[in-house]
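>>> Prediction below, plus the sequence it came from.
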Amino acid sequence: GGRVTAELYVETLEKCFPGVRCDTVRPTDTDAALADGLGLVDYDGIAWTGSALNIYNREPAVDRQIELARAALASGVPVFGSCWGLQVAVTATGGSVAKSPIGREFGLARKIALNVAGRAHPLYEGKAAVFDAVAVHKDEVETLPAGAVVLAGNGHSEVQALALDVPGGSTFWGVQYHPEFDLREIGAIARRYGETLVAEGFFAATADADRYADITATLQADPRRRDLAWMLGADADVLDETVRLAEIRNWIMAQVLPRRAAR
């Protein structure tokens, strides 16, 4: 019942900037290529989606992701990453990612707090200093690449967002959570990962994961359901699309559009 990751991200970018043209490349595929013979430098921005891969499992599919990330970050084109997008950028620039010692963060990442750098950063223009966000990850940044600036963290992961200026290359902004995911999407993931989430202690039984999926879908369809919002502890951070997508919209406004204008 979930969405294809790339298709969901394209829809998100279109919501943030109607009329945008998006091309999708899947670097895990051996025949992956950019559209119409274009090069990376022909784009105004590169957005990196989430993934079910683990960056430390250095299989060919992961290596191809890292190789493309290195090329993207050397291109001078602004790059934004959600979750896996953050992790692959960190790895490609010399940092490391590992399994979280406290396990998976799932559903809503609670009390993500901007630090001093985050409160002053354009990524978080118009965002509250402390907020919740839709999230699903069991890996996190272990060591930072040189020059990376942490912007936000919470009780689960010290690095929930960072910014990095690659010398001679691109500016990267990334978050560990998923601003592109709404509540319906995280519910679909709960249904899909049901047995795993039961084993990890998030639900007592798969029927409870299914019930969670039903609740999140209902609340997404009708954010006025105060009873369900109270049950999930969800507020405008995730129910108001303008608030939820602020980071991606801010990236487009502060990074992508200036590059387009300069070209």
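Right, received. Where do you want to start?

>>> Which elements pack onto the one helix or strand Val150 maps to?
For Val150, the host element (DSSP states H and E) is strand 149-153. Contacts defined by 3 or more C-beta pairs under 8 Å, 6 or more residues apart in numbering; DSSP states H and E place strand 149-153 against strand 105-114, helix 116-119, strand 161-165. Glycine gets a C-beta too; all of them are placed from N, C-alpha and C.

>>> would CSV of those with mean pLDDT and distance to Pro18 be doable?
Shown next, in CSV, are the helices and strands packed on strand 149-153 (pLDDT from 0 to 100; distance: least, C-beta to C-beta, whole Å):
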stretch, mean pLDDT, distance to Pro18
strand 105-114, 98, 28
helix 116-119, 98, 28
strand 161-165, 98, 26
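
>>> between the ones you listed, which gets nearest to Gly37?
strand 161-165 (29.2 Å; C-beta to C-beta).

>>> Pull up the pairing partners for the strand holding Val150, direction included.
strand 105-114 (antiparallel), strand 161-165 (antiparallel) (DSSP bridges).

>>> Now the residue positioned nearest the centre of the chain, what are its backbone angles?
Residue closest to the mean C-alpha point of the chain, counted by C-alpha atoms, centre = their mean, is Ser82 at 1.8 Å. Here is the backbone geometry of Ser82 (degrees, to the nearest 10): phi -110, psi 130.

>>> Burial check on Lys15, number of neighbours?
15 (other C-beta atoms under 10 Å).

>>> got it, and Gly168?
7.

>>> gap between it and Ala120?
Look at Gly168 and Ala120: by C-beta to C-beta, to the nearest Å, they are 25 Å apart.

>>> got the residue ranges for the strands in the chain?
46-48, 79-82, 96-99, 105-114, 130-137, 139-143, 149-153, 161-165, 171-175 (DSSP state E).

>>> in the fifth one, what counts as buried?
This points to strand 130-137. For strand 130-137, a neighbour-count test (16 or more other C-beta atoms under 10 Å) marks Phe131, Asp132, Ala133, Val134, Ala135, Val136, His137 as buried.
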